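In: Kindly return the folded structure for what I paste below:
(chains A and B)
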Amino acid sequence: MSSAVRIAREEWRQWLRSRLAVLSFAVFTILLLVTTVLTTLDVQEARHLRLHQQGQAEEAFYSQPDRHPHRMVHYGHYVFRTPPPLAMFEPGVDSVTGQSLFLEGHRQNSAMFADARAEPRAGGFGPLSPAKLYHLFLPLLIIALGHGVILREREARTLGPLLSQGVTGAHLYRGKLLALGALVGFLSLPALFSSIAATALGESLIASMMLYIANVLYLGIWAALALSVSIATRARGVALGILSAVWVLTVLVVPRVGVTSASATLPTEGKILTDMRMNDDLRKLGDGHNASDPAFAQLRTDLLAQYNVNRVEDLPVNFRGIVASKSETDLTATLNAYAEKRMKRELAQAGHLAAYGLVSPYLAVGGASRHLAGTDLETHHRFLREAETARYEFVQGLNKAHIEKLSYVDDMNRNNGEEGGRRARIDAANWQVLEEFRFTPDSANERISRATSKLTWLVLWFLVLVCFGLISARRLTP
Amino acid sequence: MTAIVVQDLRVSRGGTEVLKGISFSVDPGSVYALLGGNGAGKSTTLLTLLGFLTPDSGSASVLDNDVTQCVSRVRQQIAYLPEAATLYPHLNAYENLEYFLDLAGRKTTQLELDQALDEVGLQLESRSRHMEDYSKGMRQKVAISLAILRETPVLLLDEPTSGLDPVAIDEFNALVRNLAGLGKSILMVTHDVYGACQVANRIGLLRRGQLVGSFDAPAGERIETDRVHATFAERATA
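Out: From the prediction side, this is the model:
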């Protein structure tokens, strides 16, 4: 047995014989298992529920009776973002951005049903996900167990005899790092379980493994840091003080500063002001419900000229449908311009915050984790874009039916008694313009490429800390 | 071959010269006690011999191996007992010995462990108890048994009797004399004049990094305590 393995084994024996260590171990293990199982069940339920709801929403739309096509534009439709398999480990932005959208004509609604807004169950802290547990709390267990690995040898005066009998500082370092590595490996088992379970549900193996490795690497950073501090200090109080300060700074302070700095450096206009400005722009486009709106006078003139007729009633197409379609096109272009601007600003803010990952492995692993799981802001934006595309296509599909399947005269007489209303309806078969919506995560390569810079920072942090620890260990004296 | 040779050794720690040109030697199978007050440079001498401190000048060697050039070979020859060695409190005597011996690359049998513990007089019923329940004297016995099992020719003892009760001190001194009788070369640093006189073949008085006196035991006799005490009081603590 190599000296490193022997030293590591002894370290584990010491932990297993320490009541405090065993208790901490047990508490964290139970917490990890419970959180992993509960989040897995939650996400699985959400996946099934949202897929079911998506199917139901489509069924409800298709089963509508014959109606006026514009009524169906306002009847609307729901689309749901099904959580990707790795959301069982990293729910990411899902809980704050909302996961469903109501699609209707002339409007881009915000995503709804964000757990963070709807659930008071965690007293304002939100549900504890495995990722949150790994990123926020497991470093504390590593600090508690790791800060004393070398200091205890000093306190017990065993460092002198060990070093004097030919065990070098590097041997000791490797052994202690191996012990902490085994601890990290043990603590990472639930993450491995989540990755394997996600792969079984169709997730890419490489993305699952990268997510697992990113988290192992993050805990490895804390292990290497705890070990380095244990070598460099001579009192437990000092070591614990330094490690606690690093935890507070990197996990609590830097992210807060990053968020504040991102908001201050790249401010957003605010929803009310943006909505007011956008509504001003939309008003200039005219009211798509009113074919007589002056905004569509040119359209009327052009159409009459195109079909060489004098009245809209003589057009071979329904002018009201044409107006609705034109209005939808113009309005969507404006809405999209605002949406793209907002998303661009959100991404810039996220990028600004992510840059703090250089000094906070917590931010780096959080970012990498969300990218790899497919629960990041970019994925949410893609959901919004795909939902908007779906909205535009079904609304324009209905507008097309409005133009082609309903005459202008019948349309204008739609409120003339029961018969008028009946004649203004089109066949329910036209509701098939709505296409099935199934949101899927980006490809594994795409997600890994987004996570690469953050993973690189984690690797660098780990290597720097290991090098520092090894250099310090070589100078280790009793 | 002389076990330990220290020649005009000068060592600084934290910018202060702690050893100011000391010279002494330890013969095979003998006990040399380096006697001095706090801050005299006793522990610095041991740490230099173990290769943890680099001399400014002068030389030190263990069994002809220079301590700065052949650190690992020197350490293979030495068993070192720090002051107040507690070993691993969560392990029993056997487990402690096995761990240290494993890391030293020495495989032992249960019989060998028991023989070494018999030799130092550790009671059989104590051996399987965790060392957190041991008295200091018992811990010193286990530490000495480790030195026996490692079969190193040289022992460095740092204040080995500090904190021991009189009975334990007597037992320990007898053990050290016994080990010297078996051919071990022992360098112990201490401020215990009585203890040093009980076991040492030679005593060096260390004061502020300099050897200020030396006493040799006449053949078959012990060094006279009163004479050393008087000189110690006069020179070493002046």
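In: From now on I want contacts and neighbour counts done on CA atoms only, so please keep to that.
Out: OK.
In: Which pLDDT value goes with the residue of chain B positioned farthest from its centre?
Out: Within chain B, B:Glu125 marks the point farthest from the mean C-alpha position, 27.4 Å out by Cα atoms, centre = their mean. Looking at B:Glu125, its pLDDT is 92.
In: The one 3 residues further on now?
Out: We have a pLDDT of 95 for B:Ser128.
In: can you confirm it is in a helix?
Out: No: looking at B:Ser128 with DSSP: H, G, I helix; E, B strand; the rest coil, it is coil, so not inside a helix.
In: tell me the contacts of the residue in the stretch 301-450 of chain A that chain B sits nearest to?
Out: Here the residue of the stretch 301-450 of chain A nearest chain B is A:Val359; by Cα to the nearest Cα that distance is 33.3 Å. Contact partners of A:Val359, counting by Cα atoms under 8 Å, 6 or more residues apart in numbering or on different chains, are A:250, A:254.
In: if I look at it, how far off is B:Ala104?
Out: Distance of A:Val359 to B:Ala104, computed by Cα to Cα, to the nearest Å: 41 Å.
In: same question, A:Ala297
Out: For A:Ala297, the distance to B:Ala104 - Cα to Cα - is 97 Å.
In: Report the distance from stretch A:153-161 to the chain centre.
Out: Between the centre of stretch A:153-161 and the centre of its chain there are 48 Å (Cα atoms, centre = their mean, to the nearest Å).
In: How about the residues of the stretch 51-200 of chain A by chain B?
Out: Neighbours of chain B within the stretch 51-200 of chain A, by Cα under 8 Å from any Cα of the partner chain: A:156-158, A:160-162, A:164-167.
In: farthest-separated two in the residues you listed?
Out: Spatially, the most separated pair among those is A:Ala156 and A:Gly166, at 18.2 Å (Cα to Cα).
In: one step back: now do the phi/psi pair for the residue farthest from the centre of chain B.
Out: phi -70, psi -20 (degrees, to the nearest 10).
In: how about it, what does it touch?
Out: Per Cα under 8 Å, 6+ apart, neighbours of B:Glu125: none.
In: tell me the strands in the stretch 101-250 of chain A, going along the chain?
Out: A:107-108 (DSSP state E, counting those that start in this stretch).
In: quick one, helices of it?
Out: Assigned helices in the stretch 101-250 of chain A, in chain order: A:115-118, A:130-132, A:138-146, A:151-155, A:159-164, A:169-187, A:189-200, A:205-232, A:236-247 (criterion: DSSP state H, counting those that start in this stretch).
In: Show me what the fourth one is in contact with.
Out: So that's helix A:151-155. So helix A:151-155 is contacted by A:159-160, A:230-231, A:233-236, A:478 (Cα under 8 Å, 6+ apart).
In: So among the residues of the stretch 51-200 of chain A next to chain B, which ones count as buried?
Out: Among these, those scoring as buried are A:157-158, A:160-162, A:164-167 (criterion: 16 or more other Cα atoms under 10 Å in any protein chain shown).
In: continuing past the biggest helix by length in chain A, what's the next helix or strand?
Out: For chain A, the helix with the greatest residue count under DSSP state H is helix A:19-62. Next helix or strand after helix A:19-62 toward the C-terminus (DSSP states H and E): helix A:69-75.
In: contacting residues for A:Glu58?
Out: A:77-78, A:434, A:436.
In: still on that earlier bit, of the contacts of helix A:151-155, closest to chain B?
Out: Distances from chain B to the contacts of helix A:151-155, taken by Cα to the nearest Cα, are shortest for A:Gly160, at 6.7 Å.
In: low-scoring stretches of the stretch 1-150 of chain A, by residue?
Out: A:1, A:111-126 (pLDDT under 70).
In: Could you check how far the residue in it that chain B sits nearest to is from A:Leu23?
Out: Here the residue of the stretch 1-150 of chain A nearest chain B is A:Ser3; by Cα to the nearest Cα that distance is 5.8 Å. Going from A:Ser3 to A:Leu23 by Cα to Cα gives 28 Å.
In: residue nearest the centroid of chain B?
Out: Short answer for chain B (Cα atoms, centre = their mean): B:Leu157, at 1.7 Å.
In: Now the element after the helix or strand where that one lies, going C-ward?
Out: Per DSSP H and E: B:Leu157 is located in strand B:154-158. Next in sequence after strand B:154-158, counting helices and strands by DSSP H and E, comes helix B:166-181.
In: Now do the buried residues in the helix or strand hosting A:Leu331.
Out: Using DSSP H and E, A:Leu331 sits in helix A:319-355. Within helix A:319-355, the residues scored as buried using 16+ other Cα under 10 Å are A:319-332, A:334-335, A:338-339, A:342-343, A:346, A:349-350, A:352-355.
In: Output the set of residues of chain B in proximity to chain A.
Out: So far as Cα under 8 Å from any Cα goes, chain B lies against chain A at B:50, B:52, B:72, B:75-76, B:78-90, B:99-100, B:102-104.
In: List the residues that contact the residue of chain A most remote from its centre.
Out: No residue in chain A sits farther from the centre than A:Asn310, which is 55.4 Å out by Cα atoms, centre = their mean. Neighbouring residues of A:Asn310 by Cα under 8 Å, 6+ apart: A:Leu304.
In: thinking again about what came up before, just give me how far the longest helix of chain A sits from the chain centre.
Out: Offset of helix A:19-62 from its chain centre (Cα atoms, centre = their mean): 16 Å.
In: swap in stretch B:220-238?
Out: 20 Å.
In: Residues contacting that stretch, please?
Out: B:36-37, B:193-194, B:197-202, B:205-207, B:212-213, B:215-217.
In: what does stretch A:4-19 give?
Out: A:21-22, A:145, A:149, A:171-172, A:174-180, B:90, B:99, B:102-103.
In: buried subset of those residues?
Out: Applying 16+ other Cα under 10 Å to the contacts of stretch A:4-19 flags A:21, A:145, A:149, A:171-172, A:174-180, B:90, B:99, B:102-103 as buried.
In: In stretch A:267-276, which of the residues would be classed as buried?
Out: Buried-residue list, stretch A:267-276, by 16+ other Cα under 10 Å: empty.
In: what about that stretch, start to end distance?
Out: Stretch A:267-276: ends 17 Å apart by Cα to Cα.
In: what is the mean pLDDT for it?
Out: Stretch A:267-276 comes out at a mean pLDDT of 80.
In: Distance from the chain centre to it, please.
Out: 23 Å.
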